[in-house]
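# structure for the following, please:
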Amino acid sequence: MNRILICLFVLFVSCKSLTWENGVARKNLKGHLIGIIDKNHLKKKPYQKWYDKHYSEYTVNKEVVKKSNLFKDICFVVFIGTWCDDSQKHVSHLYKILDKLHFDYKNIKIVGVNKRKKARGLEKNYRIDKVPTFFIYKNDRLIGEIIEHPTKNSSLEKDILKIIENKN
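Numbering: from 1, shown residues only. Predicted coordinates for the structure are as follows:
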């Protein structure tokens, strides 16, 4: 009986690490990141140049930062193309917003896609027509999306806050 339990445990741990390994971002032949991306990926060449530029140029709305308590229980799943100008700009802005909010990065998943909006199967439960696409969850329930860019005369953090406030 103990041998069976040990074998099941080893199989479970192996499968779990295999799944994670398959999800971690890798460069494709064109140098684009495909898979799960974290901030450290974007802080390395060649992505660092555009990441640092957009991050440093962005000013986060202070009124949104004052409402940081509303971001509790919020999770993000964001699909980007490292080849896409809008993705480069808005993912950098998102990280600056989340830094100002002292957001827990375990509650965000950034997924890099190719130009066909594919990410080795990570995209299969989502409809991705344009990048970036931000899926916003509260308590594991989808509460809103931002597709490609913030609404006209708004900002990313204002649009996120509007979605969150409408669901509270």
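# and V77, how far from E123?
Using CB to CB, to the nearest Å, V77 is found at 10 Å from E123. To be clear about C-beta, it is placed using only N, CA and C from the backbone, and glycine gets the same treatment.
# gap between G121 and L70?
Counting by CB to CB - G121 and L70 are separated by 33 Å.
# looking at the two, which is more packed in?
L70 (17 against 10; other CB atoms under 10 Å).
# now do the buried residues in stretch 101-120.
Across stretch 101-120, burial judged by 16 or more other CB atoms under 10 Å covers L101, F103, I108, K109, I110, V111, G112, V113, N114, K117, A119, R120.
# which among those residues gets closest to K30?
Lowest distance from K30 to the buried residues of stretch 101-120 (CB to CB) belongs to N114, with 8.2 Å.
# OK, contacts around that closest one?
Going by CB atoms under 8 Å, 6 or more residues apart in numbering, N114 touches N28, H32, I34, G81.
# can you redo these as TSV with pLDDT and distance to S155?
Shown next, in TSV, are the contacts of N114 (pLDDT from 0 to 100; distance: CB to CB, whole Å):
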residue	pLDDT	distance to S155
N28	92	31
H32	96	27
I34	97	28
G81	98	21
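# could you dump those residues to a markdown table with neighbour count?
Below are these laid out as a markdown table (neighbours: other CB atoms under 10 Å):
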| residue | neighbour count |
| --- | --- |
| N28 | 16 |
| H32 | 19 |
| I34 | 20 |
| G81 | 24 |
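# circling back: nearest to I164 among the buried residues of stretch 101-120?
For these, the closest approach to I164 (CB to CB) belongs to L101, at 11.4 Å.
# leaving out chain neighbours, which residue sits closest to that closest one?
Once flanking residues are discounted, L101 sits nearest to S68: 4.6 Å by CB to CB, 6 or more residues apart in numbering.
# how much space between that neighbour and S154?
With distances taken as CB to CB, S68 is found 19 Å from S154.
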